[in-house]
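Student: Generate a structure from the sequence data that follows.
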Amino acid sequence: MTFTVAVAQIASLPNDPLATAEKAAAALREAAAKGAKLVVFPEALLGGYPKGASFGAPIGMRKPEGRAAFARYHAAAIDLDGPEIALLAEATAETNTFAVIGAIERDGATLYCTALYFDGAKGLVGKHRKLMPTAAERLIWGFGDGSTLPTFKTDLGTIGAVICWENYMPALRMHMYHQGVSLYCAPTADDRDTWLPTMQHIAMEGRTFVLTACQHITRAAYGPEHESALGDAPDTVMMRGGSAIIGPLGKVLAGPDFSGETILYAEIDPTEVMRAKYDFDVTGHYARPDVFELAVDTRAKRAVTEI
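Tutor: Residues are numbered from 1 along each chain as shown. You can find the predicted model right below:
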């Protein structure tokens with residue numbers, strides 16, 4: 001039985017996570033009204049992706065303005081028991097949809113780039129913390145561990161999420177395929193021309209549907225205090241979108257779209273996954289466990305353990 005999926009290419013309000021959650025809820029309701037059962041949102045939608053900022057950190061130095069920028073960024077992040085989560089849980093329950101939403105998660109003094117999973121009336125059912133922040137992201141985000149690499153078996157299929165350049169980590173992809181992901185969600189901030197072929201490769205490699213969402217956002221959204229290596233003209237495009245939906249044999253079903261904020265839709269036939277795996281199952285009949293072996297440590301790693 002076919003169903004509709006969507007990717008929401010919308011911009012965050014980086015300094016106002018609650019307003020961003022309201023915007024995401026509105027997009028979710030719009031997509032659900034058009035029949036979408038699964039909706040994927042971009043990386044760091046709640047809390048914002050600080051494109052172009054350096055946080056005052058030349059090698060061997062931390063500038064005062066960088067500390068101030070981090071304090072503002074920390075204040076704009078979300079708590080998992082906060083009003084943004086309640087608002088989105090209400091929207092997914094109302095629409096009976098499954099949603100994957102990028103967020104900057106606050107845990108004490110540390111921030112994590114996280115993908116949140118909402119499942120209809122069940123609300124927030126899980127999260128994935130980005131394992132490896134890329135380049136300067138390591139200044140401002142903590143590292144996830146193996147305890148937040150879940151997939152969710154639903155009536156639509158098995159849903160999992162991998163964030164941005166984590167998608168270039170072969171071992172992480174292999175673990176997702178091992179868990180049977182059939183709806184592979186890729187929230188991202190990568191808007192380059194090379195991103196679409198990456199997503200097509202993953203669809204082919206995992207024989208999975210791939211849904212990737214990136215923001216389309218301009219400099220004006222960030223406010224005057226944001227440091228931008230891209231300049232301060234309000235209409236400067238900081239991220240240009242490129243969201244897309246790809247089938248399990250690499251066919252592009254929707255997108256990529258670079259025109260502005262939008263919601264993209266595709267009709268999904270879940271039987272296509274098994275038809276695609278007929279001649280290639282990377283963790284099954286096409287695997288060589290006698291030659292290659294992958295061990296995944298899914299234990300939580302905490303700095304302090306009380307016994």
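Student: and the residue nearest the centre of the chain, helix, strand or coil?
Tutor: In the chain, the residue lying closest to the centroid (C-alpha atoms, centre = their mean) is Pro187, at 2.6 Å. Recorded secondary structure, Pro187: strand (DSSP: H, G, I helix; E, B strand; the rest coil).
Student: which ones are touching it?
Tutor: Neighbour list for Pro187: 40-45, 100-102, 115, 161, 163-164, 212-214 [criterion: C-beta atoms under 8 Å, 6 or more residues apart in numbering]. C-beta here means a position set from N, CA and C on the backbone, and glycine is covered the same way.
Student: what about stretch 267-276, average pLDDT?
Tutor: Stretch 267-276 shows a mean pLDDT of 97.
Student: Tell me the buried residues in that stretch?
Tutor: Ile268, Pro270, Glu272, Val273, Ala276 (16 or more other C-beta atoms under 10 Å).
Student: Throw the residues you listed into a markdown table and include distance to Glu65 and secondary structure, thanks.
Tutor: Below are the buried residues of stretch 267-276 laid out as a markdown table (distance: C-beta to C-beta, whole Å; DSSP: H, G, I helix; E, B strand; the rest coil):
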| residue | distance to Glu65 | secondary structure |
| --- | --- | --- |
| Ile268 | 47 | strand |
| Pro270 | 51 | coil |
| Glu272 | 51 | helix |
| Val273 | 50 | helix |
| Ala276 | 51 | helix |
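Student: now, among the residues you listed, which is nearest to Ile307?
Tutor: Each of the buried residues of stretch 267-276 was checked against Ile307 using C-beta to C-beta; the closest is Val273, at 44.7 Å.
Student: count of neighbours near the residue nearest to that closest one when sequence neighbours are not counted?
Tutor: Leaving aside its chain neighbours, Val273 sits nearest to Ser182 (4.7 Å; criterion: C-beta to C-beta, 6 or more residues apart in numbering). Counted with other C-beta atoms under 10 Å, residues neighbouring Ser182 total 25.
Student: Could you do Ala109 as well?
Tutor: By other C-beta under 10 Å, neighbour count at Ala109 equals 8.
Student: does it really touch Tyr73, like I thought?
Tutor: No: here Ala109 does not reach Tyr73: they are 11.9 Å apart, not a contact under C-beta atoms under 8 Å.
Student: neighbours of the closest residue in space to Val237 that isn't next to it in sequence, just the number please.
Tutor: Of all residues not flanking Val237 in the chain, Thr218 sits nearest, at 5.7 Å (C-beta to C-beta, 6+ apart). By other C-beta under 10 Å, 16 other residues sit near Thr218.
Student: Contacts only, for Thr218.
Tutor: Thr218 neighbours (C-beta under 8 Å, 6+ apart): Ala11, Pro234, Asp235, Thr236, Val237, Met238.
Student: Give me the phi and psi angles of Gly52.
Tutor: With angles defined as degrees, to the nearest 10, Gly52 sits at phi 90, psi 0.
Student: right, and it touches Thr236 too?
Tutor: No: when contacts are counted by C-beta under 8 Å, Gly52 is not listed as touching Thr236 (9.1 Å).
Student: Now the common contact residues for these two.
Tutor: Ser228, Leu230.
Student: and the residue nearest to His128 when sequence neighbours are not counted, what are its bridge partners?
Tutor: Of all residues beyond its chain neighbours, the one nearest His128 is Ala115 (4.5 Å), with distances taken as C-beta to C-beta, 6+ apart. Beta-bridge partners recorded for Ala115 (DSSP bridges): Gly102, His128.
Student: So Ala115 versus Ala303, what's the distance?
Tutor: 23 Å (C-beta to C-beta, to the nearest Å).
Student: higher neighbour count, the two?
Tutor: Ala115 (28 against 5).
Student: all strands for the stretch 51-200 of the chain, in order.
Tutor: Counting by DSSP state E, counting those that start in this stretch, one finds strands in the stretch 51-200 of the chain at the ranges 98-107, 110-119, 124-129, 151-153, 158-161, 183-188.
Student: so what does the third one touch, helix or strand wise?
Tutor: In this structure, strand 124-129 makes packing contacts with helix 83-95, strand 110-119, judged by 3 or more C-beta pairs under 8 Å, 6 or more residues apart in numbering; DSSP states H and E.
Student: Swap in 7 Å and give it another go.
Tutor: On a contact count with 3 or more C-beta pairs under 7 Å, 6 or more residues apart in numbering; DSSP states H and E, strand 124-129 meets strand 110-119.
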